[in-house]
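> coords please:
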Amino acid sequence: MRIAIYSEAFLPSLGGCEIMSDLLARALTECGHKVLVVTATPAEPSFDVGLPYRVIRRPDAMTILRAYSDRDLVVCKRGVCIKGCWPAALLAKRLVTVHESGSPYWKGPTRGVRSWVKAAIRHALVAYARGQVGVTSAAMKANTGPLSRRVWTVYNAASPELAECIRRERNERYGAQRAEYDVLYVGRIVKEKGVVVLADALRLADRSGLALRACFVGEGDATAPLRDIASHLHHVTVDFPGRLGGPSLARAYCASAVTVLPTLPDSPGSQFTLEGMGLVLAESFFAGLPVVASDLPTIREVVGDGGLLFTPGDPVELCEKLRRLVTDAGLYGSLAARASVRANTFLYETYKVRINEVLSILSGCSWKNRTPARTS
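Now for the predicted structure:
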């Protein structure tokens, strides 16, 4: 098939959406499809030279229409993105939307004519689409409205390159007595990701005399406030290595004991969150790390039995869960073993077979690889 993937955010920008858009394009290319990625993210022309698929960057409406004109299927990432979906509907192309958020696509400001028009267009595009794919069952459930048609769940996969780097790093570190870090955070260092909640939990641990070593991997506008908090701690040390990738990120995972994902809901008291899956959880499982994560539907589904959950936004409970993991060797060992097994759910080969199967069914074509795949 000739497939167009619309991804507003894409490489070389780094984030879960960007990484998974590249992984989707590579997987479909390896399955024999001709893939074109359409994105608003700029890049130097030389960046796209080594990619196994074609990329069109920062297109206007006419460019998108021309790009879609010879495609058999259009896949729109980040749910119902009007800019990416409407040209497919206008050209009567088969359209599939991929929901990567645990917050409903229709949720948002509803005041004013403009907001109502946008909501109406999104509902119409959902009704038009041949199917919808969610990165977790919870994300799909949150985005399944009365106009939804065929729905599927396909878990995102950890990057095969990163998984291999982690495997090698774990082999090199085999037998190491103690991790360099007790607590690891990986992601954008911004308030909506719950990093302040984690910082408050570390402050509580420090006040109680619990010695911890923490590492925040990433960048964001909350970095400076967190550095200020860390500078006043006595028993807890915090490192900020910045954004890491490849072997450096693999070393950070393998040098740590526990990964924390303190994501906040999209509004106080809500069970919805912009975190549709939390790719960092899958990556942590490949390193054999138990996780401590916010108890929200999309995250709970991914964590499974590979970690502990805490009430979103509650630093006291988070601190207590961290205390249990770093002081109870039996609990830690049990969760670490389950985390390693849980990693099998997020294998790249499983993802490639499953996404190829689903998109082929939705497009009306037969899929090439009929190997049974783990499904959610």
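> quick one: the strands in the protein, in order.
Taking DSSP state E as the test, the strands found in the chain are 2-6, 34-39, 54-57, 73-76, 94-99, 131-134, 150-153, 181-186, 212-217, 236-242, 256-261, 291-294, 307-310.
> can you list the low-confidence ranges for the protein?
105-111, 144-149, 175-178, 365-376 (pLDDT under 70).
> how about a cut-off of 50?
By pLDDT under 50, the low-scoring segments of the chain are 146-147, 366-376.
> and stretch 159-173, which residues are buried?
For stretch 159-173, the neighbour count (16 or more other Cβ atoms under 10 Å) marks S159, P160, L162, A163, C165, I166, E169, R170 as buried. Just so you know, the C-beta spots here come from the backbone N, C-alpha and C atoms, and that holds for glycine as well.
> now it - C-alpha only, PDB.
Provided in PDB are the C-alpha atoms of stretch 159-173 (Å, rounded to 0.1, in the frame of the first residue of the first chain):
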ATOM      1  CA  SER A 159      12.700   1.600  20.100                       C
ATOM      2  CA  PRO A 160      14.500  -1.600  19.000                       C
ATOM      3  CA  GLU A 161      17.800   0.400  19.000                       C
ATOM      4  CA  LEU A 162      17.300   1.600  22.600                       C
ATOM      5  CA  ALA A 163      16.100  -1.900  23.700                       C
ATOM      6  CA  GLU A 164      19.400  -3.400  22.300                       C
ATOM      7  CA  CYS A 165      21.500  -0.700  24.000                       C
ATOM      8  CA  ILE A 166      19.700  -1.500  27.300                       C
ATOM      9  CA  ARG A 167      20.400  -5.200  26.800                       C
ATOM     10  CA  ARG A 168      24.100  -4.600  26.200                       C
ATOM     11  CA  GLU A 169      24.300  -2.200  29.100                       C
ATOM     12  CA  ARG A 170      22.600  -4.700  31.500                       C
ATOM     13  CA  ASN A 171      25.000  -7.400  30.400                       C
ATOM     14  CA  GLU A 172      28.000  -5.200  31.200                       C
ATOM     15  CA  ARG A 173      26.600  -4.200  34.600                       C
END
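> so what's L226 up against?
With contact set as Cβ atoms under 8 Å, 6 or more residues apart in numbering, L226 has these partners: I189, V195, V196, A199, F216, V238, F240.
> do you know how far the fourth one is from Y348?
Distance, A199 to Y348, using Cβ to Cβ, to the nearest Å: 33 Å.
> go on, E169?
18 Å.
> hang on, the earlier thing: ok, so of the buried residues of stretch 159-173, who is nearest P45?
S159 (24.1 Å; Cβ to Cβ).
> endpoints of stretch 23-42, how far apart?
End-to-end distance for stretch 23-42: 19 Å, by Cα to Cα, to the nearest Å.
> now that stretch: buried residues?
With the criterion 16+ other Cβ under 10 Å, stretch 23-42 contains buried residues 23-29, 31, 33, 35-39, 41.
> and those residues, which is closest to L204?
L23 (37.5 Å).
> would you check that that closest one makes contact with I355?
No - L23 lies out of contact with I355 (Cβ atoms under 8 Å); the separation is 9.3 Å.
> before we move on, the earlier item: nearest to A339 among the buried residues of stretch 23-42?
Nearest to A339 among the buried residues of stretch 23-42, with distances taken as Cβ to Cβ, is L23, at 21.3 Å.
> quick one: the closest one from A120, how far?
33 Å.
> what does S231 give?
Counting by Cβ to Cβ, the gap from S231 to A120 is 51 Å.
> who's more crowded, these two?
Neighbours per residue, other Cβ atoms under 10 Å: of S231 and A120, the larger number sits with A120, 11 against 8.
> from L362, how far off is that one?
In terms of Cβ to Cβ, A120 sits 24 Å off from L362.
> swap in A337?
Taking Cβ to Cβ, one finds A337 at 37 Å from L362.
> quick one: which of the two has more around it?
L362 (21 against 14).
> who are the contact partners of the spatially closest residue to that one that is not a sequence neighbour?
Spatial nearest neighbour of L362, chain neighbours left out: G131 (4.2 Å); criterion: Cβ to Cβ, 6 or more residues apart in numbering. With contact taken as Cβ under 8 Å, 6+ apart, G131 is in contact with V96, R149, R150, V151, W152, V358, L362.
> what's the answer for V98, then?
Counting by Cβ under 8 Å, 6+ apart, V98 has contacts L24, V75, C76, K77, R78, G79, Q132, V133, G134, V135.
> recalculate using a threshold of 7 Å.
V75, C76, K77, V133 (Cβ atoms under 7 Å, 6 or more residues apart in numbering).
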